[in-house]
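Asks: Predicted model and sequence follow; I will ask about them next.
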Amino acid sequence: MEYRTTPEDESRRQDTQAIRDELSDKILNLLGAGQELDAPQLGLFLTKRTSPMPPTPYQYDPSLAMIIRGRKRVILGDTTYWYDESLFLLTAVNLPTITEVLGASPEDPYISIVLKLDLVAAKQLISEIDADEPSTPSGSAMAVGPATRPLFDALGRLIDLVDAPEDARILGDLIQREMLYRLLTSPSGARLRQIVRIGTQSNRVARAVMWLRENYRSPLRVEELARLSGMGVSTLHHHFRVLTAMSPLQFQKHLRLHEARRLLLEGEMDAGTAALDVGYESATQFNREYRRLFGSPPIRDVKSLRSHATLKAEAASAVKDWLI
């Protein structure tokens, strides 16, 4: 599927051009010669890329991702999401993906911001919002939505707090709450509301996702996962695939393989040791599934990624594990 913009996308892009130019200057000033800045007290992660980033494994937390300059492709299972300055990417549960930054250069860098979402705060805010809930689950836990001026405006005020710790201590939570409100009341907000609301099918699947994220090394018994989620096996399979674009077993495989690739790229262990570390008992099965997901056997894949110094730095950065 090719990337295409709509007249509405172009209208939003033009409407937010001035504020994005201002945000771009702020972020480049904060980053200086660096490519990343983590501001955990504000839930912010700022990124600059000066060259395209090839398809690279990335683990998304519940988060809001917004692009200030450039465009990106994110692959979740069999589904591809494209977004640029006119769209945000909302991720409502932990998801293993393949991401690709397109067309960046030193003269025209890719600049993005990720805001980690506080789901406890979202749950509290939902109780104050008068919003109609759909009678059925609202689809995937990942979605693109319109990047509007109010979102960029709040984001700019949050970025202003990065180098103002005293102001951040008082104002940070207020601005994050404002951004949560904008998201929850946006066209994509129903996804997040259903995942946070206790008792919904999406919330039950989110619990299964969390369990798998914490226990992906262990053998998977779908019956036990269904019991922990309070669902029948067939119901879990159906709603799990709707939310994550994968079955529970496929999801576990992606988690294992993404983590193994991270270990190999960072030079922490060889392929056989990495396979055992992430839960594989068979090296043959690990090699087969690794090749199926990443296109090459482990050793060849890592050697290729390390063959260029710049690519090595970008790949090591992109696989940074946010799921602590």
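Replies: Ah, there it is.

Asks: Please give me every residue in contact with Val74.
Replies: Residues near Val74 by CB atoms under 8 Å, 6 or more residues apart in numbering: Tyr58, Thr80, Tyr81, Trp82, Tyr83, Leu89, Thr97, Ile98, Thr99, Glu100, Met142. Using the backbone N, CA and C atoms, a C-beta is placed for each residue, glycine as well.

Asks: for this protein, which helix is longest?
Replies: The longest helix of the chain (DSSP state H) is helix 165-184.

Asks: Stretch 282-296: which residues count as buried?
Replies: By 16 or more other CB atoms under 10 Å, the buried positions in stretch 282-296 come out as Phe286, Asn287, Glu289, Tyr290, Leu293, Phe294.

Asks: Make CSV out of these and add secondary structure.
Replies: As requested, these are exported to CSV (DSSP: H, G, I helix; E, B strand; the rest coil):
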residue, secondary structure
Phe286, helix
Asn287, helix
Glu289, helix
Tyr290, helix
Leu293, helix
Phe294, helix
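
Asks: of all these, which comes closest to Ile27?
Replies: Phe294 (30.8 Å; CB to CB).

Asks: For Tyr280, see how far away the residue nearest to the spatial centre of the chain is.
Replies: The centroid of the chain falls nearest to Tyr60 when counting by CA atoms, centre = their mean (2.8 Å). Tyr60 sits at a distance of 23 Å from Tyr280 (criterion: CB to CB, to the nearest Å).

Asks: Quick one: mean pLDDT for stretch 33-46?
Replies: What stretch 33-46 shows for mean pLDDT is 94.

Asks: With stretch 188-197 instead?
Replies: Stretch 188-197 comes out with an average pLDDT of 86.

Asks: how about the CA coordinates for it, as CSV?
Replies: Taking C-alpha atoms only, stretch 188-197 is exported to CSV below (Å, rounded to 0.1, in the frame of the first residue of the first chain):
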residue,chain,number,x,y,z
SER,A,188,-9.7,7.7,17.9
GLY,A,189,-10.6,8.1,21.5
ALA,A,190,-13.1,5.3,21.8
ARG,A,191,-10.2,2.8,21.4
LEU,A,192,-8.4,4.2,24.4
ARG,A,193,-11.6,4.6,26.4
GLN,A,194,-12.5,0.9,25.9
ILE,A,195,-9.1,-0.4,26.8
VAL,A,196,-9.0,1.6,30.0
ARG,A,197,-12.6,0.8,31.1
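
Asks: Touching it from outside, list them.
Replies: Identification of contacts with stretch 188-197 by CB under 8 Å, 6+ apart yields 90, 92-93, 117, 119, 122-123, 126, 129, 131, 133-134, 137-141, 143-145, 183-184, 200-203, 206, 243.
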